[in-house]
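**Student:** Predicted coordinates and the sequence they were generated for:
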Amino acid sequence: MNYNKTVKELRDIADLYEEMGVDHLQRKTMREAADMIERLTWVSVEERLPEYFKDYGFSKVVWCLDAHGKTGFGIYQKELQHKGWFIGGGAGENSAIITHWMPLPELPGEGDNR
């Protein structure tokens, strides 16, 4: 399934609704659906890498998929001593070969009963 195409279509519909003056809730729903699909979709490292904290040189923790189909948590280091992925004890270019990554879901908000 082409998630990028689905996300683009949802955003295009939301934009069209805005131009037509359609109900704000419907536009908001389309945009939130697009955001949710993006957060729950594997991203190829060839397409883009996780955003990183410029002050610290590394990304937030993300869910990673390596070249052997194994998954785990990791961070991407952009500007520190080692450039590359840090996964469970390995660091830099000699660590696991990460092919895809995915942002972790957001924590439940305050007042959420989960």
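**Tutor:** Thanks, I have the structure now. Numbers count the residues shown, from 1 in each chain.
**Student:** List the strands paired with the lowest-mean-pLDDT helix or strand in the chain, with their directions.
**Tutor:** Lowest by mean pLDDT, DSSP states H and E among the helices and strands of the chain is strand 84-86, with a mean of 79. Looking at strand 84-86 with DSSP bridges, its partner strands are strand 71-77 (antiparallel).
**Student:** What residues of the partner strand count as buried?
**Tutor:** Neighbour counts over strand 71-77 (16 or more other Cβ atoms under 10 Å) mark 74-77 as buried. Glycine gets a C-beta too; all of them are placed from N, C-alpha and C.
**Student:** Equivalent analysis for stretch 29-40, please.
**Tutor:** Result for stretch 29-40 [16+ other Cβ under 10 Å]: buried residues 30-31, 33-34, 38.
**Student:** Same check on stretch 97-114?
**Tutor:** Judged by neighbour count (16+ other Cβ under 10 Å), stretch 97-114 contains these buried residues: 98, 100-103.
**Student:** Dihedrals phi and psi, the residue most central in space within the chain?
**Tutor:** Geometric centre of the chain, nearest residue: Pro103, 3.8 Å, by Cα atoms, centre = their mean. Phi and psi for Pro103, reported as degrees, to the nearest 10, are phi -60, psi 150.
**Student:** Count the residues that sit near the residue nearest to Thr71 when sequence neighbours are not counted.
**Tutor:** Excluding the flanking residues, the one nearest Thr71 by Cβ to Cβ, 6 or more residues apart in numbering is Leu65, at 5.4 Å. Other residues near Leu65 come to 20 when the count uses other Cβ atoms under 10 Å.
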